[in-house]
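**Student:** I'd like to go over a predicted model; first the sequence, then the structure.
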Amino acid sequence: MVNALAGGAIGEPGGRTFYLQVDLEEQRLWFLLEKQQLAAIAEAVLEALRGTELDEWVEPPAVVEPTEPAPRVGEIAIGLGDGVFSLALYPLEPDESEAVRFEVPADVAAGMARAALAAVAAGRSPCPFCRLPMDPEGHVCPATNGNRGERLES
């Protein structure tokens with residue numbers, strides 16, 4: 001059973017790396033995710049909890065830099081039964097190890113989901129014209145009708 005679960009990013013917007021950090025009894029594991037994968041896990045958790053009687057959640061720890069290489073996650077399976085989420089993370093590369101499976105209490109998963117969605121939303125602001133993310137120094141906007149050399153400031 002998972003003691004703590006955190007989903008978040010390390011780095012500056014535009015260069016962030018997203019992780020799912022799992023704390024077991026005496027071990028901490030990290031899994032490398034795409035931003036959209038982390039958002040999908042968080043949204044699935046909150047959707048599964050919608051309509052349940054869960055009023056509290058466990059505040060997750062901060063995501064810290066991995067101390068060992070983190071496997072990149074390909075597919076994700078998630079389910080809820082009797083107040084416990086089952087989470088299966090399948091490696092991106094099929095020749096890597098098999099899926100890693102965890103059981104996560106609903107209140108722990110809910111806390112991770114809220115923090116993960118905040119981390120996902122804390123990225124670069126979108127360009128008002130093309131909706132692509134803008135770097136702090138601006139970006140070349142494809143919606144500027146051929147003025148691709150002009151940089152829009154954020």
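**Tutor:** Looks like it came in fine.

**Student:** Of all the residues in stretch 98-117, which ones are buried?
**Tutor:** 102, 104-106, 108-117 (16 or more other CB atoms under 10 Å). Every residue, glycine included, has its C-beta placed from N, CA and C.

**Student:** center of the chain, which residue is that?
**Tutor:** The residue at the geometric middle of the chain, judged as the C-alpha nearest the mean C-alpha position with CA atoms, centre = their mean, is Leu38 (2.5 Å).

**Student:** Now do the same for that residue: its pLDDT.
**Tutor:** According to the model's per-residue confidence, Leu38 sits at a pLDDT of 98.

**Student:** Over to the one 3 residues further on?
**Tutor:** Looking at Ile41, its pLDDT stands at 97.

**Student:** and it, helix, strand or coil?
**Tutor:** For Ile41, the secondary-structure state derived from DSSP: H, G, I helix; E, B strand; the rest coil is helix.

**Student:** Pull up the gap between it and Glu25, please.
**Tutor:** 22 Å (CB to CB, to the nearest Å).

**Student:** what does Pro61 give?
**Tutor:** Taking CB to CB, one finds Pro61 at 15 Å from Glu25.

**Student:** Comparing the two, which shows the higher neighbour count?
**Tutor:** Counted by other CB atoms under 10 Å, Pro61 and Glu25 do not tie: Pro61 has more neighbours, with 17 against 7.

**Student:** Surely that one and Asn3 touch.
**Tutor:** No. At 9.7 Å, Pro61 does not count as touching Asn3 under the criterion of CB atoms under 8 Å.
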